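Visitor: Provided below are the primary sequence and the corresponding predicted coordinates.
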Amino acid sequence: MMTIALIVSTVAVTLIVVLVIANLTSGEKKVEHKIERLYASDDPQFTRSMGLLLGPPVVGGNRFEVLVNGDGIFPSMLEGIRSARRTITFETFIYWSGAIGDEIARALSDKARAGIAVHVLLDWVGSSKMDKRYLRMLREAGAEVVQYHKPHWTGLGRMNDRTHRKLLVIDGCIGFTGGVGIADEWTGHVQDEKHWRDTHFRVEGPAVGQMQAVFMDNWVKATGNVLHGPQYFPEIDAAGDGLAHMFSSSPSGGSDDMQLMYLMAITAATHSIHLSSAYFVPDKLTINAIVEAAKRGVKVHIITPGKRIDTHTVREASRACWGDLLAAGVEMYEYQPTMFHCKVIVVDEYLVSVGSTNFDSRSFKLNDEANLNIYDRDFARQQTAIFDGDVAYAKRITLDDWRRRPLLVKLLERAVALLDAQL
């Protein structure tokens, strides 16, 4: 009897270990070596390499609009939803209960009842605080709603694989992406600590077709159904003269593409790097790339959240790795008024990359992510000006400040840093 019990317990423990390993690794080869600097960001080879290595080609004919904070973001998204004539595809990580969640659910439901094809893909973990009434409302109106990687015995090895992508595409020709989630925390204009700082982008032009393709990547994974045809992928005329491409990463394909993009951009930087990062926990390879950029004269400025952050362990793990950066001359800032949720990098006032990706191992290795890369000097200068506006509300942390941290704080940060791979 004891032998049977031992066998059963051994099998159970083995299964648990296998599931844990499956959920903590992507199973793909990692970027492990520094990327050699062969060209600068203003060399045509930079744009060519980014397009070819990351997948989708860089395409022209695009127009971009930056949307700052909830008062700028949500009205534009709602206007886009209400303007839909054929299709709406929407994928997001966070969708919580509240006034904005209710308003968006009602707007989507209204379009579904009007005969518009509405497809909604919500991460199961990220939408756990969502009022189930919204799901019923959408489905009863005729919208197709799917929760990504909802627990099922056939997918236990994928429970740690979450879709963190943030995409809204209207009629296949207007797209939205950036850092915003659907929750009241993102509404308003940073008027108090309960209303977060974030940036989103509205896009028109051929790059929107790539945004739609990224949505379809996970929609097919989640449903097995391929949505296609002119209502989803129409012929898109030029809306401007901006260059851009939308690319994605996931543990099941190209899990290192996001880190590769950042490493290539940092390595090609010549003059400046402005990084706005809600969760900044870089690995050693990425730290070294930033340090090397700073040592060759690149002015590196990084804004992260201050004490007002939704995940304090991330802040502690982040601060643990600032030493080499500060010693190299990187300027580190902590945003003070409220949670800083932006995810934007501007390189040499030329490349702007925005999307769902955080500057951490979870985004680089585990999550399904999507970023829009824009190659436009006027637009990049606009983003740098916005960055400078955020610096005005941030506290600079010097190397002396960092070294003077209390011993207990240092020990806590080092302990939390052991979890870097999951942060």
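Guide: Sure thing, it's come through.
Visitor: Count the neighbours of residue 372 for me.
Guide: Counted with other CB atoms under 10 Å, the neighbours of residue 372 add up to 27. For the C-beta atoms, the positions are set from N, CA and C on the backbone; glycine is no exception.
Visitor: what about the helices in the stretch 151-300 of the chain?
Guide: Applying DSSP state H, counting those that start in this stretch to the stretch 151-300 of the chain gives helices spanning 207-223, 257-268, 284-295.
Visitor: now swap in the stretch 1-150 of the chain and tell me
Guide: 2-24, 44-54, 69-83, 99-113, 132-141.
Visitor: what residues does stretch 376-385 touch?
Guide: Surrounding stretch 376-385, the residues in contact under the criterion CB atoms under 8 Å, 6 or more residues apart in numbering are 64, 66, 242-244, 272, 274, 344, 346, 348-352, 374.
Visitor: again with stretch 50-63
Guide: Residues from elsewhere that reach stretch 50-63, judged by CB under 8 Å, 6+ apart: 47-48, 203-208, 210, 213, 236-248, 254, 257, 260-261, 264-265, 373-375.
Visitor: Of these, just the buried ones, PyMOL syntax please.
Guide: To isolate the buried ones among the contacts of stretch 50-63 in PyMOL, judged by 16 or more other CB atoms under 10 Å, type:
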select buried, resi 47+203+204+205+206+207+208+210+213+236+239+240+242+243+244+245+246+247+248+254+257+260+261+264+265+373+374+375
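Visitor: Now residue 161. Nearest residue, chain neighbours left out?
Guide: residue 251 (5.2 Å; CB to CB, 6 or more residues apart in numbering).
Visitor: do residue 188 as well
Guide: residue 195 (3.7 Å).
Visitor: List the contacts of the one you found.
Guide: 69, 70, 185, 186, 187, 188, 189, 338.
Visitor: Kindly report the same for residue 241.
Guide: Neighbours of residue 241 in contact, by CB under 8 Å, 6+ apart: 60, 61, 62.
Visitor: just the buried members of these?
Guide: With burial judged by 16+ other CB under 10 Å, the buried subset of these is 61, 62.
Visitor: gap between residue 180 and residue 88?
Guide: Residue 180 sits 17 Å away from residue 88, going by CB to CB, to the nearest Å.
Visitor: And residue 302, by the same measure?
Guide: Distance check for residue 302 against residue 88: by CB to CB, it reads 36 Å.
Visitor: can you check residue 331 too?
Guide: Look at residue 331 and residue 88: by CB to CB, they are 41 Å apart.
Visitor: which of these two has more neighbours?
Guide: More neighbours surround residue 88 than the other of residue 331 and residue 88, with 24 against 17 (other CB under 10 Å).
Visitor: wait, residue 180 sits on residue 197?
Guide: No - using CB atoms under 8 Å, residue 180 is not in contact with residue 197; the gap is 10.6 Å.
Visitor: Give the residues shared as contacts by those two.
Guide: residue 341.
Visitor: between these two, who's got more neighbours?
Guide: Per other CB under 10 Å, whichever of residue 180 and residue 197 has more neighbours is residue 180, with 29 against 25.
Visitor: Quick check: which of the helices of the stretch 151-300 of the chain is nearest to residue 150?
Guide: helix 207-223 (9.1 Å; CB to CB).
Visitor: Restricting to C-alpha, output the closest one in CSV.
Guide: Extracted in CSV, the C-alpha atoms of helix 207-223 (Å, rounded to 0.1, in the frame of the first residue of the first chain):
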residue,chain,number,x,y,z
ALA,A,207,0.9,49.7,-41.1
VAL,A,208,-2.6,49.1,-39.8
GLY,A,209,-2.7,45.9,-41.9
GLN,A,210,0.3,44.6,-39.9
MET,A,211,-1.5,45.5,-36.7
GLN,A,212,-4.5,43.5,-37.8
ALA,A,213,-2.2,40.5,-38.7
VAL,A,214,-0.8,40.6,-35.1
PHE,A,215,-4.3,40.4,-33.7
MET,A,216,-5.1,37.5,-36.0
ASP,A,217,-2.0,35.7,-34.7
ASN,A,218,-3.6,35.2,-31.3
TRP,A,219,-7.1,35.0,-32.6
VAL,A,220,-6.2,31.9,-34.6
LYS,A,221,-4.4,30.4,-31.6
ALA,A,222,-7.4,31.0,-29.3
THR,A,223,-10.2,30.1,-31.7
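Visitor: Do I have it right that residue 343 meets residue 355?
Guide: Yes - counting by CB under 8 Å, residue 343 touches residue 355, with 6.5 Å between them.
Visitor: Could you tell me which residues touch both of the two?
Guide: Both residue 343 and residue 355 are in contact with 178, 179, where contact means CB under 8 Å, 6+ apart.
Visitor: Spit out the contact partners of residue 348.
Guide: Each residue near residue 348 by CB under 8 Å, 6+ apart is listed here: 40, 41, 42, 268, 269, 270, 271, 272, 273, 380.
Visitor: Go again with 7 Å.
Guide: 41, 42, 269, 270, 271, 272 (CB atoms under 7 Å, 6 or more residues apart in numbering).
Visitor: farthest-separated two in these?
Guide: Spatially, the most separated pair among the contacts of residue 348 is 42 and 272, at 12.4 Å (CB to CB).
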